[in-house]
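Enquirer: coordinates for the following, if possible.
(one chain, ligands or ions: 1)
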Amino acid sequence: ATTCDREARAILAKNDRGGYTVPTANLYPYQWNWDSVFAAIGFAEHDMDRAWTEIETLFRGQWSNGMVPHILFHQVDPGYFPGPDVWRGVGPIPSSGISQPPIAGTFVRWLLDRNPGAQPRARALFKPLMDWHRWFMTWRNEGGAIVVTHPWETGRDNCPDWDGPFAAIEPEGVEQYYRRDTTHVVEEERPRRYDYDRYLYLVKLGAECGWDEAQLKDTTPFRVADPTMTFTLLRSTRDLKAMAERFKEPVDEIDRWIAEMEDGSERLWNAEAGTYDCYDIRAGKHTGVVSNASFLSWYAGVGGDRMLEQFDRIAGLTKYYVPSTDPAHPAYEPKRYWRGPVWAMMNMLVATGLGEAGHVDRAKALTDNTRALISKNGFAEYFDPTNGAPAGGRDFTWTAAVWLAWAS
Ligand code: DGY
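Expert: Coordinates of the predicted model:
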């Protein structure tokens, strides 16, 4: 093992809170949904049992309607805002009221492939995974494109895709609040106050109706179909199908979901801009941003090589790629969270898709570029694409985890 491998393992150990892993101390002191799934593939490099436990703990927080929350507040920590009292989740563990990119099905299959002896553990997760997917297909399905009711749900908190939908929102009645994130990370690398006002407004709307999806569907001003959600859910559904076949479970419902989302992916194709992007359901229009999520189309198995030209163009613009926002877009900011920085775990998903589609050289070049970025600049939350400068939280779980997954 190299020094970096050892450092990555030490970061997972340090962020381990016993059965679950925090993304990083202080800034994110709870269990986050897709962060945890990445943590699991990092643990898989040296501790398979701990890898499975991570995902099992996440599913202990599943709501009775099938939703798996984006944050589980296992132990209250005053260093984070908004906490459980603001969210007022209605599940078995104090939680937020929204979900996160559903990559768990994909990586449960990934773990099972590497650890076939753990089939009973994968089987026990199969029904909860089906219930979660069914929740998306019931409540978040707009003609097969998957919508979010909060930017935090996509993980891409302040990407320019939300600028249009946010301009239409007047954040009325948000009580005075005190941000904690900017006590841990410099302001220039975090979302603006303008965005936070709207994040909290949307939390308030959800909490006030007890996170009733039927009501939110009719009333929320924020309902946006998103490539992260659509492409990760489609991909994860394909992986559920593979597991269903292995476990001799019926696949009819799964097949219907796949067909619906293959159609729905077309709703995210913005022919004019030549990219997959978001579609704002309330405004009835595309958001017109090429983002790192646009390049998850290969990972989802849709669109052939539609995104290849955009990929090659963007890969040549900055020293490190894939930037979260197209550097040619006027809203691009290389240090501000999802408005420009490179995210290693997104690169892992993009590279996986590229490789599977036969673009093996591009997949390898992207992986090598990202590994060089990490080995020179450490295990930061995200990085400035122009020079690799580390940004956001440090000693970050998912950056360490993808490093280990690539090493194993
Ligand atoms: C945050 O607090 O910034 C998180 O991204 C919310 O999930």
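
Enquirer: quick check: the residue of the protein nearest the ligand.
Expert: Closest approach between the chain and the ligand, counting by CB to the nearest ligand atom: W152, at 4.1 Å. Any C-beta I mention is one placed from the backbone N, CA and C, and that applies to glycine too.

Enquirer: let's verify that residue: helix, strand, or coil?
Expert: helix (DSSP: H, G, I helix; E, B strand; the rest coil).

Enquirer: how many neighbours does it have?
Expert: W152 sits with 21 neighbouring residues when counted by other CB atoms under 10 Å.

Enquirer: repeat for D218
Expert: 8.

Enquirer: host element of it?
Expert: helix 213-219 (DSSP states H and E).

Enquirer: part of a helix, is W406?
Expert: Yes. Membership of W406 in a helix is supported by three-state DSSP.

Enquirer: could you count how many residues lie near it?
Expert: 19.

Enquirer: that one and M348 touch, don't they?
Expert: Yes. Under the contact definition of CB atoms under 8 Å, W406 touches M348, with a separation of 7.2 Å.

Enquirer: what do these two both touch?
Expert: Counting by CB atoms under 8 Å, 6 or more residues apart in numbering, the residues touching both W406 and M348 are T367.

Enquirer: helix/strand/coil for the closest residue to I258 other than its chain neighbours?
Expert: Here the nearest residue to I258 in space, its sequence neighbours aside, is T237; by CB to CB, 6 or more residues apart in numbering that works out to 5.5 Å. Secondary structure for T237, judged by three-state DSSP, is helix.

Enquirer: show me which residues of stretch 314-327 are buried.
Expert: Within stretch 314-327, the residues scored as buried using 16 or more other CB atoms under 10 Å are 314-315, 318, 320-327.

Enquirer: again with stretch 254-270
Expert: Using 16+ other CB under 10 Å as the test for burial, stretch 254-270 gives 254, 257-258, 260-261, 264-265, 267-270.

Enquirer: list the contacts of stretch 389-397.
Expert: The contact list for stretch 389-397 (CB under 8 Å, 6+ apart) reads 11-12, 14-15, 21-28, 35, 38-39, 42, 184-185, 189-190, 335, 337, 341, 377-384.

Enquirer: do the same with stretch 13-20
Expert: In contact with stretch 13-20 (CB under 8 Å, 6+ apart) are residues 21-25, 31, 36, 39, 50, 53-54, 57-58, 72, 74-75, 395, 397.

Enquirer: and the stretch 51-200 of the chain, which of its residues are near the ligand?
Expert: 70, 152, 157, 181 (CB under 6 Å from any ligand atom).

Enquirer: out of the residues you listed, which comes closest to T3?
Expert: D181 (30.4 Å; CB to CB).

Enquirer: residues in contact with the closest one?
Expert: 27, 81, 190.

Enquirer: just Y279 next, same as before
Expert: Contacts of Y279 by CB under 8 Å, 6+ apart are 142, 145, 224-225, 267-268, 285-287.

Enquirer: just the buried members of these?
Expert: Judged by 16+ other CB under 10 Å, buried ones among the contacts of Y279: 142, 145, 224-225, 267-268, 286-287.

Enquirer: the host helix or strand of W398 close to the ligand?
Expert: Assessed by DSSP H and E, W398 sits inside helix 397-407. No. With CB under 6 Å from any ligand atom as the measure, helix 397-407 is seen stopping short of the ligand, the closest distance being 12.2 Å.

Enquirer: buried residues in that helix?
Expert: 397-406.

Enquirer: also stretch 200-213?
Expert: 200-207, 211, 213.

Enquirer: circling back to that earlier point, just the ones of the contacts of stretch 13-20 in strands?
Expert: 31, 72 (DSSP state E).

Enquirer: just the buried subset of the contacts of stretch 13-20, please.
Expert: Here, 16+ other CB under 10 Å leaves 21-25, 31, 36, 39, 50, 53-54, 57-58, 72, 74, 395, 397 buried among the contacts of stretch 13-20.

Enquirer: show me which of the buried residues of stretch 314-327 neighbour the ligand.
Expert: Okay, of these, nothing touches the ligand (CB under 6 Å from any ligand atom).

Enquirer: G66: which of those residues is nearest?
Expert: For the buried residues of stretch 314-327, the residue nearest G66 by CB to CB is S324; the value is 29.3 Å.

Enquirer: contacts only, for the closest one.
Expert: So S324 contacts 156, 159, 291-292, 337-343, 346, 382 (CB under 8 Å, 6+ apart).

Enquirer: same check, this time on T21
Expert: Contacts of T21 (CB under 8 Å, 6+ apart): 12, 15, 31, 35-36, 39, 54, 397.

Enquirer: ok, and the closest non-adjacent residue to it?
Expert: Leaving aside its sequence neighbours, T21 is closest to A39 (4.1 Å, by CB to CB, 6+ apart).

Enquirer: what segments of the stretch 101-250 of the chain are strands?
Expert: Using DSSP state E, counting those that start in this stretch, the strands of the stretch 101-250 of the chain run over 141-142, 145-148, 224-225.

Enquirer: make JSON lines from those strands and add mean pLDDT to it.
Expert: Listed next are those as JSON lines, based on pLDDT from 0 to 100:
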{"stretch": "strand 141-142", "mean pLDDT": "98"}
{"stretch": "strand 145-148", "mean pLDDT": "98"}
{"stretch": "strand 224-225", "mean pLDDT": "98"}
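
Enquirer: could you dump those to TSV with distance to A331?
Expert: Shown next, in TSV, are those (distance: least, CB to CB, whole Å):
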stretch	distance to A331
strand 141-142	25
strand 145-148	19
strand 224-225	16
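
Enquirer: quick one: which of those is nearest L354?
Expert: strand 145-148 (22.0 Å).
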